[in-house]
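In: heads up, no residue letters with this:
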Ligand SMILES: C[S@@+](CC[C@H](N)C(=O)[O-])C[C@H]1O[C@@H](n2cnc3c(N)ncnc32)[C@H](O)[C@@H]1O
């Protein structure tokens, strides 16, 4: 179990929210995991919402969830997953692998780690050559939305929501770590006029050459 992440309020909020996801988000989760095979590392699994979406070609998922209340719920979800899933209580920064992974999955988590550049470089090193990072992350917007995101990040948002930062340029972080992005797009998961800083997500596949 990790000491790095302990968020009782966020754990309650996320348990409620992840049980009521809109159809758009569920569709993007399925798309983000489509075609994966072999051994997969999932970073920050939350309540295990991705588990039901893993395709049958996946031999094993190692899922990291350092918030122990969320990890408990994730272990219950793992018991019903269509592929074998083991939930570890390590934070990604503490995790060391015995052998490289075929793929790594990040969804709605790179906003919450303290040092995204260091974490994404670490993820690169945990993949075999040719292995891929699948990501679905909310990202920094422009104009009014960027201003709203910066205000949210400087005030209550990270404190209330498990260190979530809304104005992160995660796509650049991924390329800076050495990944080649071979398929990527952005999509609104809430109407673009909604005054919420997390309405737009980037979805993509980045390869370690
Ligand atoms: C917004 S939730 C998303 C959960 C899940 N990935 C999903 O798509 O539903 C962010 C998760 O990242 C986890 N997290 C935060 N910091 C982490 C870290 N350093 N290492 C691993 N997981 C972390 C949190 O505990 C939380 O469960």
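Out: Great, that's in hand. Quick caveat, the model's predicted, so the values are computed rather than measured.
In: can you give me the helices for this protein?
Out: Listed in chain order, the helices of the chain (DSSP state H) span 8-18, 23-33, 68-79, 116-126, 143-154, 157-160, 170-176.
In: wait, which of those is closest to residue 136?
Out: For the helices of the chain, proximity to residue 136 was assessed by C-beta to C-beta; helix 23-33 is nearest, at 4.5 Å. In short, each C-beta sits where N, CA and C put it, glycine included.
In: Show me what that closest one is packed against.
Out: Applying 3 or more C-beta pairs under 8 Å, 6 or more residues apart in numbering; DSSP states H and E, we find helix 23-33 packed against strand 101-107, strand 127-138, strand 200-207.
In: Tell me the gap between it and the middle of its chain.
Out: For helix 23-33, the distance from its own C-alpha centre to the chain's C-alpha centre is 13 Å (C-alpha atoms, centre = their mean, to the nearest Å).
In: how about the residue nearest to residue 167 when sequence neighbours are not counted, what does it touch?
Out: Taking C-beta to C-beta, 6 or more residues apart in numbering, and ignoring the residues beside it in sequence, residue 167 has residue 149 as its nearest neighbour in space, at 3.7 Å. For residue 149, the residues meeting the contact criterion (C-beta atoms under 8 Å, 6 or more residues apart in numbering) are 140-141, 166-167, 197.
In: wait, which of these is closest to residue 92?
Out: Taking C-beta to C-beta as the measure, residue 92 lies nearest residue 166 of the contacts of residue 149, at 19.9 Å.
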